[in-house]
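> Based on what follows, work out the 3D shape:
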Amino acid sequence: MRRVTDAPLGTQLFVLQTVIVLLAVGGTAGVWAGHTREQLDALHQQRALAIAQSVAALPQVRDAFRLENPESVLQPLALSVQHETGADYVAIANAQQKRYAHPNAALIGKRLSTDGTAVLRTGRSWVGTETGTIGTTVRGKTPIRDEYGNIIGLVSVGVLQTTVTGQLGGALPPLIWTALAVLLAGLALAALITARVRRQTFGLEPREIAALLEQREGVLHGVKEGVLALDLAGRVTLVNDAARDLLGDLGADVSSMPVSERMRDVLTGADPGEDRVVLHGDRVLVLNRTPVSVRGRHRGWVVTLRDRTELVRLARELDDTSSATEALRAQAHEFANRMHTVVGLLELGEHEAAIGFITRTTGGTYATGLRERVQDPTLAALLLAKSAEAAERGARLVLSEDSAVPEGALGDPQDAVLVVGNLVANAIDALDGAGGTIEVSVVADARGLHVRVGDSGPGITPELVEEVFREGFTTKAAHSGPRGLGLALTRQACLRRGGWVRVRDAGGTGRDAGGAVREAGGAVFTALLPAEVRA
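The predicted structure is shown next:
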């Protein structure tokens with residue numbers, strides 16, 4: 001038994017199927033043989049009863065019972081019937097069960113070895129199997145009646161069971177050949193099934209399949225990226241732990257997932273391409289959808305999800321830092337030029353001119369005015385950096401007179417920096433290096449931070465007023481890296497804290513994407529970022 005359990009899977013399957021076929025064929029043959037034996041017994045019982053009833057109905061049998069020695073007539077008659085019908089015995093007895101005829105003449109005059117009281121008392125025929133003086137027989141018994149219907153004796157006719165068994169043995173060869181044919185066919189099918197199973201499992205044993213499954217589960221749930229498998233109908237067939245952490249509770253298919261329309265478009269393939277950037281809650285995710293083929297047949301798709309939330313945040317902070325650095329570099333360069341000018345005036349002896357130049361250049365800088373209105377250092381640094389960035393791209397950033405942000409009014413300035421930074425960056429991009437003015441207003445009060453950013457660019461058409469806030473939307477030319485996230489992140493931050501962000505066209509003249517002159521005066525974005533998150 002241990003050798004079988006340690007054998008390869010194919011061998012175990014073949015042995016198991018062979019045992020099943022043997023049991024099936026053997027059981028079927030046994031049932032057939034038993035049923036055939038029952039049929040033969042019933043057939044011989046009815047035949048024996050028919051012979052007994054025929055003998056009991058003979059007139060000479062009734063007449064013989066009136067004779068002084070009935071056996072002188074009944075014995076030759078019984079032997080003749082036995083010989084003609086092929087029965088193994090024919091016995092005739094009177095109402096007291098005394099034999100008048102029997103194959104063994106020595107038993108004539110003696111009582112029947114098997115009880116016939118039931119037949120004599122009820123007058124009903126009987127069939128069954130009994131063991132008598134000549135052996136076990138299947139027999140039939142019937143009463144003998146006189147001309148008045150009175151029971152005067154009985155006739156018993158039987159066939160030895162050895163005779164029945166011999167007939168059964170004659171019927172077995174066809175059964176045996178049939179069983180062998182079925183057995184061979186079953187073994188052939190078992191061999192075919194075993195070969196197919198080996199092909200389906202690539203010749204791997206159960207322990208090897210189990211090891212591969214364990215490795216697959218370990219790798220699948222160990223990777224940091226989310227993995228989502230979809231079949232051809234869009235049903236979720238596999239999801240790992242990282243995907244559940246990123247997406248939360250998933251539905252049975254893509255249509256029932258609690259995700260944005262853009263993410264659903266990426267998952268279904270309506271928005272094809274690599275490294276599709278989408279927003280899901282507070283997360284920035286990068287999705288890739290890859291078809292899955294098994295043995296040349298398309299089976300579905302695998303979607304990988306990478307969390308780029310921290311990367312986007314760090315990139316934004318790096319961008320702000322780079323802008324501040326550029327601003328400081330520009331200011332240092334400007335300061336150096338001014339110092340050279342002062343030194344030159346002093347060397348020329350123009351002391352009054354040097355004093356006047358110093359007074360004009362230090363009397364009221366942009367940074368000083370900015371710091372007076374925006375006392376929060378983080379937001380002030382951001383606006384200063386954006387001012388320098390705008391200047392380098394040929395634009396001018398102006399802080400409105402109504403701006404007022406007391407120090408500490410923002411609490412955690414992260415969302416404020418995100419909103420203001422994205423709106424100003426969008427305005428700078430809208431000018432596209434063509435020059436112009438960007439007006440920024442930031443006011444902090446009890447409701448929260450009010451932001452207004454207007455530019456003198458081409459403006460925005462009415463049909464794009466809502467579209468600009470959709471993730472992935474951009475009017476910029478193709479660049480490396482994800483686009484269309486800034487305004488989407490801005491709206492997400494405002495909505496998360498119970499606020500809003502809107503855009504309108506300021507009116508005036510401008511040019512559309514094709515260069516044609518159109519009525520526009522730049523876009524004006526307004527936003528409310530409440531001070532506290534709603535419950």
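> now Ile20, what's its secondary structure?
helix (DSSP: H, G, I helix; E, B strand; the rest coil).
> typo on my end, it should be Ala87
Classified using three-state DSSP, Ala87 is coil.
> try the one 3 residues further on
When the structure is split into helix, strand and coil by three-state DSSP, Val90 lands in strand.
> Tell me where the stretch 301-450 of the chain has helices.
309-347, 351-362, 366-373, 377-392, 414-431 (DSSP state H, counting those that start in this stretch).
> Next, Ala181: phi, psi?
With angles defined as degrees, to the nearest 10, Ala181 sits at phi -60, psi -40.
> quick revisit: mean pLDDT lowest where, among the helices of the stretch 301-450 of the chain?
The stretch with the lowest average pLDDT out of the helices of the stretch 301-450 of the chain is helix 309-347, scoring a mean of 64.
> so Asn422 makes contact with Ala488?
No. If you go by CB atoms under 8 Å, Asn422 and Ala488 don't touch, sitting 9.2 Å apart. (C-beta placed from N, C-alpha, C; glycine too.)
> What degree of burial does Ala29 show, as a neighbour count?
Counted with other CB atoms under 10 Å, the neighbours of Ala29 add up to 17.
> hang on, I meant Asp275
11.
> Once you drop chain neighbours, what's closest to it?
Val286 (5.3 Å; CB to CB, 6 or more residues apart in numbering).
> Okay, and that neighbour sits in which element?
For Val286, the host element (DSSP states H and E) is strand 283-294.
> Check Ala493 too.
Short version, using DSSP H and E: Ala493 is in helix 486-496.
> rewinding a little: burial of the residue nearest to Asp275, as a residue count?
18.
> same check, this time on Val119
By other CB under 10 Å, neighbour count at Val119 equals 23.
> And the strand or helix carrying it, what's buried?
Val119 belongs to helix 117-122 when assigned by DSSP H and E. Neighbour-count burial for helix 117-122 flags Val119, Leu120 (criterion: 16 or more other CB atoms under 10 Å).
> What's the mean pLDDT across it?
So the average pLDDT for helix 117-122 ends up being 86.
> Give the other helices and strands that it contacts.
Packing partners of helix 117-122 (3 or more CB pairs under 8 Å, 6 or more residues apart in numbering; DSSP states H and E): strand 135-145, strand 151-160.
> so how far is Thr490 from Glu147?
124 Å (CB to CB, to the nearest Å).
> do the same with Gly454
From Gly454 across to Thr490, the span is 15 Å (CB to CB).
> ditto for Glu352
52 Å.
> Could you report the neighbour count for Cys494?
Cys494: 24 neighbours (other CB under 10 Å).
> Hmm, it is touching Ala527, no?
Yes. With contact defined as CB under 8 Å, Cys494 reaches Ala527; the gap is 5.5 Å.
> Could you pull out the residues contacting both of those two?
Val419, Trp500, Val501 (CB atoms under 8 Å, 6 or more residues apart in numbering).
> Closest one of these to Val343?
Val419 (44.1 Å; CB to CB).
> How about the contacts made by the closest one?
Leu449, Val451, Thr490, Ala493, Cys494, Val501, Ala527, Leu529.
> Pick out whichever of the residues you listed sits closest to Pro258.
Among these, Ala493 lies closest to Pro258 (CB to CB), at 20.2 Å.
> For Val451, see how far away the closest one is.
Separation of Ala493 from Val451 (CB to CB) stands at 11 Å.
> Name the residues contacting each of the two.
The contact sets of Ala493 and Val451 overlap at Val419, Leu529 (CB under 8 Å, 6+ apart).
> From one end of stretch 46-66 to the other, what's the distance?
29 Å (CA to CA, to the nearest Å).
> repeat for stretch 105-114
Calculated as CA to CA, the first-to-last residue distance of stretch 105-114 is 17 Å.
> sorry, back to before: who's in contact with the residue nearest to Asp275?
Asp275, Arg276, Val277, Leu305, Arg306, Arg308, Pro482 are the contacts of Val286 under CB under 8 Å, 6+ apart.
> looking at those, which has the most residues close by?
Leu305 (25 neighbours).
> List the contacts of the nearest residue to that one once chain neighbours are set aside.
When the adjacent residues along the chain are set aside, Leu305 lies closest to Gly226, with 3.4 Å between them (CB to CB, 6+ apart). Applying CB under 8 Å, 6+ apart, we find Gly226 in contact with Val239, Asn240, Ala242, Ala243, Arg244, Asp245, Leu246, Leu247, Thr304, Leu305, Arg306, Asp307.
> Do you have the strands of the stretch 151-300 of the chain handy? List them.
151-160, 226-231, 236-239, 276-280, 283-294, 297-307 (DSSP state E, counting those that start in this stretch).
> which one of Glu147 and Thr490 has more residues nearby?
The neighbour count for Glu147 versus Thr490, taken as other CB under 10 Å, is higher for Thr490 (24 against 8).
> so what pLDDT did the more buried one get?
The model reports Thr490 with a pLDDT of 84.
> now it: how far from Arg502?
Thr490 is 11 Å from Arg502, by CB to CB.
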